[in-house]
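Engineer: Just need the structure, nothing else, for what follows:
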Amino acid sequence: MRRFNKLLLYIITLLGIAAPQLHAQEPTKGLLYEISGNGLTKPSFLFGTFHILRSGYFDSHPIINSCFEKVDNLVVEVELIDGATDDLQDAMLMPGIAVSDYLSRDEIDKLDIKLTLSTGSGIDAYDHIKPAAIMLSMTSAMPAKSKEKYLMYDGVVMDTYLMEKAHDNSKPVISLETVDEQVDALFGDPIELQIAQLKDYLNMEDHDDKVGGQVVDLYFDEDLAGMYQMALDNPDQIGTMDRILTQRNNNWLKKLPVLMKEGTCFIAVGALHLAGPIGLVNQLRKAGYTVKAVMPKK
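Structural biologist: From the prediction side, this is the model:
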């Protein structure tokens, strides 16, 4: 069985593995949920984002802005405040190590073509970047029809929009994790494993490009069950899935009850974090909260 390609996981999480069957109480359709009960005096809201989608999406879904206006705080995965972006960029670097030193001539040529098509820059610009970061940079490499679908919206990326909107409305922005914690989740694998994952990707031709298109379609259909099933269909890298998804969900679930009790929250995290038995929706329900979809997708 082939190694799970980390780019596929990154594409899906732009939106770990537990039991392979979805239970009836787990969400199947819907990106926006109201959280109430279990001692809360007012509801909070949970929204699944797609990190490369732009803020024009909210104009066509006014219910999201309406729910945002009702809360005291915005809760995000991590807020990149002054200096944090530099720290994140530094964490992607490999000073003194070149990716091309680990690749064959054919693999270098393939990577150069894919990088140029997806980012506009070839391998020379990425040769000292961690392979995991290179793969993350190529998440826009998907069929033109899918690109057209998410590029139909203009503005800034939705996470930035929500944070700017919170600041404009004097709403505190609360991070669920630190930059270091997110860096470890995304880029913490040993370089040797990252190189192996990059090689797998390069040898898979257009498989992940097609998967990227499917993820766009699933997001626009608000199909959490479909996103989760895509992860289940590629279970090889359990350790990677566990660190990027399961462990982070579990850590966030220790913080969310306290945050929601102290003040109402609009919680905006990648859509896959909502899905499946280890997803936030299911686990919040198991913890005693009433979690219902707001205008669920039919």
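
Engineer: which helices and strands does the helix or strand where residue 75 lies pack with?
Structural biologist: Residue 75 is located in strand 73-76, with elements delineated by DSSP states H and E. Contacting strand 73-76 under the criterion 3 or more Cβ pairs under 8 Å, 6 or more residues apart in numbering; DSSP states H and E are the following elements: helix 158-168, strand 173-175, helix 247-262, strand 265-270. All C-beta spots, glycine's among them, are computed from the backbone N, C-alpha and C.

Engineer: in the longest one, what counts as buried?
Structural biologist: Buried residues in helix 247-262, counted by 16 or more other Cβ atoms under 10 Å: 247, 248, 249, 252, 253, 256, 257, 259, 260.

Engineer: That helix - contacts with which helices or strands?
Structural biologist: Helix 247-262 sits against strand 73-76, helix 179-187, strand 265-270, helix 280-286, with contacts defined as 3+ Cβ pairs under 8 Å, 6+ apart.

Engineer: Flag the shaky bits of the stretch 51-200 of the chain, pLDDT-wise.
Structural biologist: For the stretch 51-200 of the chain, the stretches with pLDDT under 70 are 81-87, 139-147.

Engineer: about what we covered before: export the buried residues of helix 247-262 as CSV, with columns for distance to residue 226 and pLDDT.
Structural biologist: What follows is the buried residues of helix 247-262, written out as CSV (distance: Cβ to Cβ, whole Å; pLDDT from 0 to 100):
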residue, distance to residue 226, pLDDT
247, 23, 88
248, 21, 92
249, 19, 94
252, 23, 97
253, 23, 97
256, 25, 98
257, 29, 97
259, 29, 98
260, 28, 98
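
Engineer: ok, those vs residue 278, which is closest?
Structural biologist: In terms of Cβ to Cβ, no member of the buried residues of helix 247-262 lies closer to residue 278 than residue 249, at 5.7 Å.

Engineer: Next, the contact list for that closest one, please.
Structural biologist: Taking Cβ atoms under 8 Å, 6 or more residues apart in numbering as the definition of contact, the neighbours of residue 249 are 273, 278, 279, 280, 283.
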